[in-house]
Structure formats: C-alpha cells, structure tokens
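J.: this one's structure only:
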C-alpha cells in the first residue's frame, strides 16, 4: 500500500511552529517565522477562515496576517479572545477581535475576486520617533498598538519574561488553565512560572527540572500541574510543591532506566464519564540508534496518577501530542513528518499518514467537537490540523464508519436463510 496523500490546506511563506483553533469563532490561528536572522523570512501570526466543503473536505483562506517583527512565535495558547505567544524568552499577550466585514470592504473584496483578505496596514496611535518606536511602546504601554483589517483586529496587551536562561532564553510551552484563570509557562531554564490571568501577576516561580522543560499541562479544577523535562522526569505538582514523580517503567520493567525520556504530557476527558480524567504521556528514546527503538504512549489515571496502559507507537520519534476535546482521540506528529490519530481508550492507531509533511511536525490541533452555528467536523468522526517546519498546514479527517441498523441485518440474515432453504429444496426434492 502506498503512502496516504494528504493535500495541503494552507501554505505560509515561513516555517510554522504552532496552530490553534479558537473555540468561539472557529478561526484557525497559526504562527511561526524565520526568527531574528536577516534571511528575509518574515515572522507572523496568520488567521485563517476554515470552511467545510462537502462532507469530508476542507478549504482555508487567509483573513489577516499579524506581523511579529523580529521574533518568531514558537508556541501559543488561545483563550477568550487572547493569544499567549512564546517569542524567544518572553510571553507576549495579544487580544484579537473577529468583526463582520463592512459593506464597503465587501465590494472591494468582490472586485478583487479573491476570498483571501490581506490588508496588512499597520496603525499606531502614538507618534513615531526617529528610532521607529512609539512613545507609548517605549514606556511599556502597548495597549494602543494595533493591526487591523476588515475582518481581524489585533491589540498587544502585555509582555512578561517567561525564561531567564542566561545563554539562550526560550519559552518552550505555554498553557491556559481550563477556567482561564491561570497562565503557565516553561522553558529552557527549567522553571515553571504560573501567572494569574488576566492581571498577569506572578503566582508561582519554581525550579521544576534540571534542564529544559519539554511540556506541561494543568488538570481541570487547577488541582495539579504535570511537567515533562529533559532530565528524564515527569512530575506532578500541587501548587509549587512536588506531589509525586511518575514512573512509566512500572508497566515496562524490561526497559532499562534512562534509556527513554518524557517528551509530552496532556490531560484529557473521559467520554461518558463526567468526573474522570486521564493523563497521557509520550516517551521517546534518549539516544538514537542504528536500529531505532520504538516510542511509547502511556495512559494514566488522572486522579491517582497510576499507570493504566502503555503501547508502542512506532519507531518514528514523536515530536508533538494533542488530545481531542472529548478525550476520545489522541494525535501524534513525528520528526520525520508523519501524522497519526489514536483511540484514547485502547491506544490503538486509527489513522496514519506517513511523511505527509516534509520535516518535523511542530504542532497539532483537533477541530472542536461543537461550535456555535457552525459544523466543522462534517461527516467525519474527527478531524485534526497539523503544521510543520515545511510551512504547510494540513487537515487529517477520519470519516464516520458506516453502520447498519440491527433490523436491516436481521432482515438480510432472514433472506439468506430463505435462499438456502429454497436452494436445498431445488437440489434435493423432498428435502423438507
């Protein structure tokens, strides 16, 4: 069987590192760039309008491009109309507003003959000085800095230092708590920083790992934080206090210690169990081998943090993990550009697109299970977006499996039995 061909949903003019779907508007927000190097590759956040075409296909058009100047956005969190963007060692907060298109702009858009809106004009309220900076921006007040088009307006809100590594500060992960009261960041200095949102008053700042933090997440109710680090540990925190360390090798005693490290961690709901939660972690080989060992996916009880199931997920090194809103599906991306969807209950592979991207899959996002007045899933069991360093955004859809009514099955069985009886009667007269 050949490779599954996945068409590109959208292609940006720069490497893509993060993608999110705003649950209120259905906007797809993706970001990346070339960083501070003077290569001519821009840094921006793109807002896409995603549309369902037919029952299984999708199309996307660019609504707005927000320029992030010399800093590429490496990771994002989206909540209540606010984007928290990791740019170098800082977390930049910006609000966005999706406004209906004005009548005059509709006419202009129709004349242009394109559904892609690319009005990237910048407007600054303060006067510019010779250095190219606004007076308001220089004083630290960025509330009047805006990017506007007919569809999307973006306003800078705040900026905080989220990583203090003296050599190469880099925020590697950012998360909103489920109730949007907290913002969590982690980076190369091994510190977890928790901020009260929207005031951005720092609540916790503690050393969680020796070395880089790979991933972190917070449970519903904000009871526990879980962090995965390059120091082989995956830890559960209650506030800033260590509650316990997670040892996935309890389910795989044949594997030697420190041959694998934790790469990702995510909480997820349990379908049809309102008060239950699960934690999913990914383990990848610490060192590459000529004969690559498998990566592993582990499911934990989200309350007791006892391991429930560990399954191999192939020899391609995992680079990203996502969990669907309902907790039914898990998404995995690899450093070789492959994308897979797993069933959360059994950790069985449901979908696989080998090397659909040309290089590392940097982020994944499932489409929301429900959206006000808009059906994005169509006749699909689930659909997931992926982005990679190859600048491509793709959608991976799993069509609903066909099911038959039990009465139809019984009716067909009855017809088969009657046919056999008639056939036997014909071949062997007097059989009945």
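T.: Sure, I can see it. Please read all numbers here as calculations on a predicted model, not as lab measurements.
J.: what about the helices in the stretch 51-200 of the chain?
T.: Per DSSP state H, counting those that start in this stretch, the stretch 51-200 of the chain carries helices over the ranges 103-112, 135-138.
J.: same check, this time on the stretch 301-432 of the chain
T.: Under DSSP H, counting those that start in this stretch, the stretch 301-432 of the chain gives helices at 406-427.
J.: mean pLDDT lowest where, among the helices of the stretch 51-200 of the chain?
T.: Mean pLDDT is lowest for helix 135-138 among those, at a mean of 32.
J.: just for the stretch 101-250 of the chain, where's the confidence low?
T.: 101-150 (pLDDT under 70).
J.: the stretch 251-400 of the chain now?
T.: Applying pLDDT under 70 to the stretch 251-400 of the chain flags the ranges 372-374.
J.: give me that answer again for 90
T.: Within the stretch 251-400 of the chain, the segments meeting pLDDT under 90 span 251, 253, 257, 271-275, 287-291, 358, 368-379, 400.
J.: for the residue nearest to residue 54 when sequence neighbours are not counted, give me its contacts.
T.: Closest residue to residue 54 apart from its sequence neighbours, by C-beta to C-beta, 6 or more residues apart in numbering: residue 378 at 7.4 Å. C-beta: built from backbone N, CA, C; applies to glycine. For residue 378, the contacting residues are 52, 54, 55, 56, 397, by C-beta atoms under 8 Å, 6 or more residues apart in numbering.
J.: now swap in residue 339 and tell me
T.: 6, 331-333, 351-353, 356-357, 361, 364, 384, 386, 394, 396.
J.: gap between the two ends of stretch 321-336?
T.: Using C-alpha to C-alpha, to the nearest Å, the end-to-end distance of stretch 321-336 comes out at 15 Å.
J.: just stretch 186-205 next, same as before
T.: 10 Å.
J.: ditto for stretch 322-331
T.: End-to-end distance of stretch 322-331 (C-alpha to C-alpha): 5 Å.
J.: ok, stretch 3-21 next?
T.: End-to-end for stretch 3-21, by C-alpha to C-alpha: 27 Å.
J.: swap in stretch 173-186?
T.: 5 Å.
J.: so how far is residue 46 from residue 219?
T.: Distance, residue 219 to residue 46, by C-beta to C-beta, to the nearest Å: 31 Å.
J.: the helix or strand where residue 46 lies pairs with which strands, parallel or anti?
T.: Here residue 46 is covered by strand 43-53, with elements defined by DSSP states H and E. Strand pairing for strand 43-53, determined by DSSP bridges: strand 28-33 (antiparallel), strand 57-67 (antiparallel).
J.: okay, these, which one's buried deepest?
T.: With neighbours defined as mean count of other C-beta atoms under 10 Å, these peak in mean count at strand 28-33, which reaches a mean of 26.
J.: any idea of the mean pLDDT in that one?
T.: Average pLDDT, strand 28-33: 97.
J.: about what we covered before: between the contacts of residue 339, which is closest to residue 39?
T.: Using C-beta to C-beta, residue 357 is the member of the contacts of residue 339 that lies nearest residue 39, at 20.9 Å.
J.: just give me the neighbour total for the closest one.
T.: Around residue 357 there are 26 other residues, counting by other C-beta atoms under 10 Å.
J.: and it, how far is that from residue 391?
T.: According to C-beta to C-beta, residue 357 stands 10 Å off from residue 391.
J.: which strand is the longest one in the protein?
T.: For the chain, the strand that runs over the most residues, judged by DSSP state E, is strand 273-285.
J.: how far does stretch 13-27 sit from its chain's centre?
T.: The chain centroid and the centroid of stretch 13-27 are separated by 9 Å under C-alpha atoms, centre = their mean, to the nearest Å.
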